[in-house]
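S.K.: Got a predicted structure plus its sequence, pasted below:
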Amino acid sequence: MSTTDTPGAYGIEALNVWCGLARLSAADLFAGRGLDPDRIDNLMMSERSIGLPIEDPVTNAVNAARPIVDALTPEERDRIELVVTSTESGVDYSKSLTSYVHKHLGLNRHCRLLEVKQACFGATAAVQTALGYLASGISPGAKALVIATDVAVVDEKAEYSEPAAGHGAAAVLLSDRPRVLTMDLGAFGNYSYETLDSARPSPRFDIADVDRSLFAYLDCLKNSYADYASRVTDVDFTRDFDHLVMHTPFAGLVRAGHRKMMREQGAAGATVDADFARRVAPSLVYPGTVGNLCSGSVYLALASLLDSGVVTSPRRVGLFSYGSGCSSEFFSGIVDEQSAAAVAELGIGKHLEARARITFEEYLAVLEHNLECLVPVENRTVDPEPWEPLLARAGDRPEILTFTGVRDYHRQYAWR
Amino acid sequence: MTQAPIDVRAHTAELVKEVVTEILPGVDRDLIGGSRHLKDLGADSVDRVEIIAALLDRTGVDAPMSAFSDLPDIDSLVDFLSGAPR
């Protein structure tokens, strides 16, 4: 029996990511900034997504979710009763980003709209809360759309975090038809406490205490898994998860986290390396070419696993979501060959490959404008003309929503 | 019998040198100590994670990784590991 047909099953029906129109190689960024190239190995990044000034958190969210929405019948679309955006890149202190997303996706008006913020954990918090709503049975057959969306506002002051910053969105449709991931309801563990490991105190820049952040991530991995293990009988980290999918600020941290967890289970040496290659590495391919997708990161990693070709039968996946500040969750679910087929339909790998390759000099020109993306202004025009050559270098792409400016504080968009 | 604290510290300082040179093979052992931070020895963030994780593993110290976030230098690291509960 496929996971989709399991009575009482809930989870992810569809998953898509949008990771922007351009990309820059990590080597070029390291060279341009004069960073130590020896550190690329530990970063485990080959390139990162770069947004163009005609993109913003709203366009990323819409461009990620639209293929999912378009694939639904009108009746199915009308069962989307909850739309949540998760972002660290809000565009207003009061008006929810979701209101723009809801409009441009053409969703029905009998919908709950919400924007959430919990750093890179926000989307998973929303996913779990939404699944609780669906599984409560108060609206049988309902669907919820959760979209993690962000833009990068870092420059050379971020030093080695700049090459790891990402751009884009991940959209997950949740329902009682979990074609992509059947959630192990009730199997979860949390670990959260206050710390200032990273933050965005201004719409123009991020701050980060690197050691505090990495150490908090690792403490949360250990303790959220311990909380999970306290709820699930006789679970074994090394035995019971066929694959592991983790929040990936950069792949090198995931490798270190896996090694630490395995060491604590008594494994060492070549066993750990082989386990990493088998259970973890398939989820790191996309993150290694996109950068940190913030709260969408764990779902980008899930897409990477499902597109890797290794999921050919039912497998249990352990997922770890972490957000600075901090809050975290270890949870799990089942994927199978149908999951891989469902994600393959959306052509994520093809889209990532179609991103225009830009030079460091072109990146600097784009960055100057991108740093203004979230700054609230009454009026602003985003002229697409300077970016047409870059847009033309992006390969085949679907129709996308673009950001055209702000009029009387109202953000403006156009399809093209 | 309880080991004298000074021996524990000396042993811990040697262990720190051992672990750091395993992760950073090119580093001069004599530079591993004092008011230098691991960053000063060329350890990037992942190297620092690996060093702290290995030290927790080998000392049996029962402390969260976050307890190491504010230690200003290697002497403080040795002091912390020497005095921490195991």
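M.R.: Nice, I can see it.
S.K.: use CA for all of it now, contacts and neighbours both
M.R.: Fine.
S.K.: Skip the chain neighbours and tell me the closest residue to A:L390.
M.R.: A:A356 (6.6 Å; C-alpha to C-alpha, 6 or more residues apart in numbering or on different chains).
S.K.: Any regions of chain B where pLDDT drops low?
M.R.: For chain B, the stretches flagged by pLDDT under 70 are B:1-6.
S.K.: most centrally placed residue in chain A?
M.R.: Nearest to the mean C-alpha position of chain A, by C-alpha atoms, centre = their mean, lies A:G296 at 1.4 Å.
S.K.: could you say which helix or strand contains A:F331?
M.R.: strand A:327-335 (DSSP states H and E).
S.K.: partners of that strand in the sheet?
M.R.: strand A:181-192 (antiparallel), strand A:315-323 (antiparallel) (DSSP bridges).
S.K.: out of these, nearest to A:G309?
M.R.: Nearest to A:G309 among the strands paired with strand A:327-335 is strand A:315-323; the distance by C-alpha to C-alpha comes to 12.8 Å.
S.K.: which residues does the most centrally placed residue in chain B contact?
M.R.: Centroid-nearest residue in chain B, with C-alpha atoms, centre = their mean: B:V16, separated by 4.1 Å. By C-alpha atoms under 8 Å, 6 or more residues apart in numbering or on different chains, the contact list for B:V16 reads B:32, B:55, B:78.
S.K.: which one of those is nearest A:S213?
M.R.: Ranked by distance to A:S213 (C-alpha to C-alpha), the contacts of B:V16 are led by B:L55 at 18.9 Å.
S.K.: For B:V20, see how far away the closest one is.
M.R.: 9 Å (C-alpha to C-alpha, to the nearest Å).
S.K.: if you count what's nearby, which of those two comes out ahead?
M.R.: Shown here are B:L55 and B:V20; by other C-alpha atoms under 10 Å in any protein chain shown, B:V20 has more neighbours (26 against 19).
S.K.: What's the local residue count around A:I400?
M.R.: By other C-alpha under 10 Å, the residues close to A:I400 number 15.
S.K.: wait, it sits on A:A65?
M.R.: No - look at A:I400 against A:A65 with C-alpha atoms under 8 Å: they stay out of range, at 11.0 Å.
S.K.: Near chain B, which residues of chain A are found?
M.R.: A:39, A:42, A:210-212, A:214-216, A:218-219, A:252-253, A:256, A:260, A:263-264 (C-alpha under 8 Å from any C-alpha of the partner chain).
S.K.: the helices in chain B, which residues?
M.R.: If DSSP state H is used as the criterion, the helices of chain B fall at B:5-23, B:45-59, B:74-83.
S.K.: rewinding a little: list just the nearest of the contacts of B:V16 to chain A.
M.R.: B:L55 (11.4 Å; C-alpha to the nearest C-alpha).
S.K.: Please report how far that closest one lies from B:V78.
M.R.: 10 Å.
S.K.: got it, and A:Y225?
M.R.: Distance from A:Y225 to B:V78, by C-alpha to C-alpha: 29 Å.
S.K.: just to revisit the earlier point, and whatever helix or strand comes next after the strand holding A:F331 with strand A:181-192, angle?
M.R.: Next helix or strand after strand A:327-335 toward the C-terminus (DSSP H and E): helix A:337-344. Following axes from the mean of the first three to the mean of the last three C-alpha atoms, to 10 degrees, one obtains 80 degrees for the angle between helix A:337-344 and strand A:181-192.
S.K.: next one: the following helix or strand past helix A:337-344 to chain centre, how far?
M.R.: Proceeding N to C from helix A:337-344, the next assigned helix or strand is helix A:348-354, under DSSP H and E. Relative to its chain's centre, helix A:348-354 lies at 16 Å (C-alpha atoms, centre = their mean, to the nearest Å).
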